[in-house]
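J.: sequence unknown, structure follows:
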């Protein structure tokens with residue numbers, strides 16, 4: 001399943017695992033609009049979808065991972081470290097890439113291309129998520 005996430009300064013597409021229960025619940029709510037929040041190098045926003053944490057939920061993910069934060073009913077898009085990442089602010093390269101979420105999240109898929117474009121999202125930006133018809 002493919003989605004597009006848009007905000008005033010740009011947009012990205014992402015590929016999600018269509019068989020995941022959280023992805024299926026999210027798909028039923030699309031299209032949706034929300035307000036972006038930023039936390040370190042993470043963008044997250046409420047979806048209005050409420051699901052349970054899946055058994056394979058993870059707290060540490062790769063940059064570009066599309067995750068669902070069940071504690072906040074929100075999509076969480078990671079492109080780098082957050083304030084709770086090990087070594088946050090460290091110049092040591094082994095710490096700079098850790099993407100640690102606030103709590104374990106359901107992993108839905110990955111951003112297509114460079115997730116660094118998410119750095120253009122500002123706290124309070126309007127965000128739209130829509131299904132891309134294939």
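T.: Yep, that arrived. All figures in this text were calculated on a predicted structure; none of them were measured in a lab.
J.: ok, the residue nearest to residue 8 when sequence neighbours are not counted to residue 39 distance?
T.: What sits nearest to residue 8 in space, not counting adjacent residues and going by Cβ to Cβ, 6 or more residues apart in numbering, is residue 125, at 5.7 Å. Backbone N, C-alpha and C define where each C-beta goes, glycine included. Residue 125 is 14 Å from residue 39, where distance means Cβ to Cβ, to the nearest Å.
J.: neighbour count winner among these two?
T.: residue 125 (18 against 15; other Cβ atoms under 10 Å).
J.: rewinding a little: residues contacting the residue nearest to residue 8?
T.: When contacts are counted by Cβ atoms under 8 Å, 6 or more residues apart in numbering, residue 125 touches 7-9, 35-36.
J.: give me the phi and psi for it.
T.: In terms of degrees, to the nearest 10, the main-chain angles of residue 125 are phi -60, psi 140.
J.: what distance do you get for it to residue 79?
T.: For residue 125, the distance to residue 79 - Cβ to Cβ - is 15 Å.
J.: if we can go back for a sec, and the two most separated of the contacts of residue 125?
T.: The two members of the contacts of residue 125 with the most space between them (Cβ to Cβ) are 9 and 35, at 14.8 Å.
J.: report pLDDT for the residue nearest to residue 116 when sequence neighbours are not counted.
T.: Nearest residue to residue 116, sequence neighbours excluded (Cβ to Cβ, 6+ apart): residue 79, at 5.5 Å. We have a pLDDT of 83 for residue 79.
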